[in-house]
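# below: sequence and its predicted model.
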Amino acid sequence: MSSQYPRVAVLGSFTSGLGLPELNRFSDLNTLLQAPAFDVLLLDMSGSSAGQALRRLRKSTVYRFSLIYCCRDLDAWCEALGDGAPPSEMKEIAPLWRLWKARFSLFNRSGTADRFESRVLSWLWLRSSAEVHALRAPEVPQHYRYPLLEVLAEDEKVNTFAWLKLMTEQKWLEEGVLVDRIRLCADCGSGRLNYVDVCPECHTLDIARQPSLHCFTCGHVGAQETFLKDGMLLCPNCLNRLRHIGSDYDRPLENYRCRSCQAFFVDAEVEARCLDCGSAHAPDKLRIREIRHFRLSEAGRLRCRQGFSNEDAGLNQFGRLNLLAGKDFYELLSWQLQLVRRYRQPSFSLIGLRFVNLTETLVRLGEHSGHAFVDSLVDRLQEAVRETDRCTRSTEEFFWLMLPHTDADGLLVVKQRLSQVAELFSSPEVSEISLRIVSFTAPEDLLEQETGELLLARLASEMA
């Protein structure tokens, strides 16, 4: 078959009305796995069956990253591991597969499929709008699991919640929809908790609600039985006779007595007891965890586009410049601001470049033509970047250049050189790209209390 069209197979009972006799059809998953690998799979079965099949397929190195569509109802496993429902027209699969193939070839060249982190980021990058879905699972102690991370982990022992937090801190992933907020045992981390009312004095569970009275004369509150004497109501504390409810006494809404220590109290104390390790905690001492879906961040997409060439994703293309990770650049910029704020020297400048419509143009050009264009763009930028300058990219469109020991006059020279980059956008294929430039010089443009990250955000808004 032509490389322009994928080899498609259908797994299932063939009752979905697809009506495509030219497709390869399999009724058994084992038979499919024994056959030569297909480019795209269609699961024509119920949601629960499709979810089970997806778990096996994603664990297979052959179909780990492949496009797999579920033709019928989607259960939670289908949403977490599949590519959704197939397009309404089967001919629409071909362009989706070609885009997937171009991206997969870039990832495959990097030789990092053996790393868990790279597998997850690449899986997300290979498909538009993909997310790491959280799945409610009462059978696990934390009540939620992330199926994609489990199947891509292979034999590695991965703490999924800790790994997601680390990836978010490193800016490769970003938080998506908030699914739930759960409370966990402070000792073992289990979410299997039982909330019970206990005695505030001895913390026993054996408490009971008991009718009580409140004497208005002395304020004494006690069990109703202690006020009964010779058929009358007498306060056991001040011995006054209680005749009229509302003027002499009243009944508290709720009162409890502990059957162990005989303590009498109005409100019981709530205690969270872990059903796994047996520890007891006050509710405000439990660990709170937000359960979210996660998606690829701008920095993560950039790292995937650059092919995971090194740990910092910075050697390929734009990495040929003195490119720093976003956090490192923010810290360096903040340090420069502190020096100038305190000593008023040395001067330094900052230039922001925004390549408007760059992302859309690269998608339209395709991976290979897009990379060729980015290479020429980097070559032109290298002519303006000095060895002592430092750069970063906050998104695929925003490029930042920090120029140490550069005053306003030196900044003007660099801006003139950078403006020549716009000459690359004269050809029809990339004519939609435009260049916007913003600049900053310290100490002249310095604002009080402004950190490096806030400064970049302010300048970025000027290029919006």
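Nice, I can see it. What you are looking at is a predicted structure, and each value in this text was computed from that prediction instead of being measured.
# quick one: least confident helix or strand in the protein?
Ranking every helix and strand in the chain by mean pLDDT, DSSP states H and E puts helix 367-382 at the bottom, with a mean of 69.
# any low-confidence regions in the stretch 351-464 of the chain?
363, 366-372, 375, 396 (pLDDT under 70).
# residue 278 is in contact with residue 192, correct?
No. Contact criterion Cβ atoms under 8 Å: residue 192 and residue 278 do not qualify, at 11.0 Å. Heads up, the C-betas are built off the backbone N, CA and C, glycines and all.
# which one's more surrounded, the two?
residue 192 (17 against 10; other Cβ atoms under 10 Å).
# so what does the host helix or strand of residue 359 touch, helix or strand wise?
Under the criterion of DSSP states H and E, residue 359 resides in helix 358-365. For helix 358-365, the elements it packs on are helix 367-382, judged by 3 or more Cβ pairs under 8 Å, 6 or more residues apart in numbering; DSSP states H and E.
# quick check: next helix or strand after the helix it packs on?
Using DSSP H and E, the helix or strand that follows helix 367-382 towards the C-terminus is strand 390-393.
# just the C-alphas of that next one, formatted as PDB.
C-alpha atoms of strand 390-393 as PDB (Å, rounded to 0.1, in the frame of the first residue of the first chain):
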ATOM      1  CA  ARG A 390      21.700  34.000  27.100                       C
ATOM      2  CA  CYS A 391      18.400  33.000  25.600                       C
ATOM      3  CA  THR A 392      15.200  31.100  26.400                       C
ATOM      4  CA  ARG A 393      11.800  30.300  24.800                       C
END
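# how much space is there between residue 132 and residue 157?
According to Cβ to Cβ, to the nearest Å, residue 132 stands 18 Å off from residue 157.
# quick one, which of the two is more surrounded?
Legend: neighbour count by other Cβ under 10 Å for residue 132 and residue 157, higher for residue 132 (23 against 5).
# the more buried one contacts residue 297, correct?
No. Counting by Cβ under 8 Å, residue 132 sits too far from residue 297 to count as a contact (12.0 Å).
# now the common contact residues for the two.
Counting by Cβ atoms under 8 Å, 6 or more residues apart in numbering, the shared contacts of residue 132 and residue 297 are residue 173.
# list the contacts of the helix holding residue 359.
Contacts with helix 358-365, where a contact means Cβ under 8 Å, 6+ apart, come from 99, 370, 373, 374, 396, 397, 429, 430, 432, 433.
# and for stretch 268-287?
141, 183-190, 192-200, 203, 207, 256.
# out of the contacts of helix 358-365, which are inside strands?
With strands identified by DSSP state E, none of the entries of the contacts of helix 358-365 belong to them.
# going by distance to residue 450, which of those wins?
For the contacts of helix 358-365, the residue nearest residue 450 by Cβ to Cβ is residue 397; the value is 22.9 Å.
# quick one: residues contacting that closest one.
So residue 397 contacts 354, 355, 356, 358, 359 (Cβ under 8 Å, 6+ apart).
# chain center to stretch 115-123: distance?
From the chain centre to the centre of stretch 115-123 is a distance of 15 Å (Cα atoms, centre = their mean, to the nearest Å).
# just the buried residues of it, please?
Residues of stretch 115-123 classed as buried by neighbour count (16 or more other Cβ atoms under 10 Å): 117, 118, 119, 120, 121, 122, 123.
# go ahead and produce CSV holding the CA coordinates of stretch 442-461.
C-alpha atoms of stretch 442-461 as CSV (Å, rounded to 0.1, in the frame of the first residue of the first chain):
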residue,chain,number,x,y,z
ALA,A,442,18.2,48.3,33.2
PRO,A,443,18.4,50.4,35.3
GLU,A,444,16.5,52.9,33.1
ASP,A,445,13.3,50.8,32.7
LEU,A,446,13.5,49.1,36.1
LEU,A,447,10.3,48.8,38.2
GLU,A,448,10.3,48.2,41.9
GLN,A,449,9.5,44.6,43.1
GLU,A,450,9.5,43.2,39.6
THR,A,451,11.0,39.7,39.3
GLY,A,452,12.4,38.2,36.1
GLU,A,453,9.2,36.2,35.6
LEU,A,454,6.9,39.2,36.1
LEU,A,455,9.1,41.3,33.7
LEU,A,456,8.8,38.7,30.9
ALA,A,457,5.0,38.5,31.5
ARG,A,458,4.8,42.3,31.2
LEU,A,459,6.8,42.5,28.0
ALA,A,460,5.0,39.5,26.5
SER,A,461,1.7,41.3,27.0
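# which among the contacts of residue 397 end up buried?
Buried by 16+ other Cβ under 10 Å: 354, 355, 356, 358, 359, out of the contacts of residue 397.
# how about the residue lying closest to residue 77 once chain neighbours are set aside, secondary structure?
Using Cβ to Cβ, 6 or more residues apart in numbering and skipping residues adjacent in sequence, the residue nearest residue 77 is residue 51, 2.9 Å away. What DSSP: H, G, I helix; E, B strand; the rest coil gives for residue 51 is helix.
# pretty sure residue 51 contacts residue 73?
No. Counting by Cβ under 8 Å, residue 73 is not a contact partner of residue 51; they are 10.3 Å apart.
# which of these two has more neighbours?
Counting neighbours by other Cβ under 10 Å for residue 51 and for residue 73 shows that residue 51 has the greater number, 23 against 12.
# return the residues in contact with that one.
Contacts here follow Cβ under 8 Å, 6+ apart; on that basis residue 51 touches 75, 76, 77, 78, 81.
# tally of neighbours for the fourth one?
Other residues near residue 78 number 26, with proximity taken as other Cβ under 10 Å.
# show me where the chain has helices.
With DSSP state H as the criterion, the chain has helices at 29-34, 47-59, 76-81, 93-110, 116-125, 147-152, 160-169, 224-227, 298-305, 326-343, 358-365, 367-382, 408-419, 452-462.
# distance to residue 247 added to those helices, as JSON lines?
As requested, the helices of the chain are exported to JSON lines (distance: least, Cβ to Cβ, whole Å):
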{"stretch": "helix 29-34", "distance to residue 247": "80"}
{"stretch": "helix 47-59", "distance to residue 247": "67"}
{"stretch": "helix 76-81", "distance to residue 247": "62"}
{"stretch": "helix 93-110", "distance to residue 247": "80"}
{"stretch": "helix 116-125", "distance to residue 247": "71"}
{"stretch": "helix 147-152", "distance to residue 247": "66"}
{"stretch": "helix 160-169", "distance to residue 247": "59"}
{"stretch": "helix 224-227", "distance to residue 247": "16"}
{"stretch": "helix 298-305", "distance to residue 247": "71"}
{"stretch": "helix 326-343", "distance to residue 247": "69"}
{"stretch": "helix 358-365", "distance to residue 247": "78"}
{"stretch": "helix 367-382", "distance to residue 247": "86"}
{"stretch": "helix 408-419", "distance to residue 247": "84"}
{"stretch": "helix 452-462", "distance to residue 247": "64"}
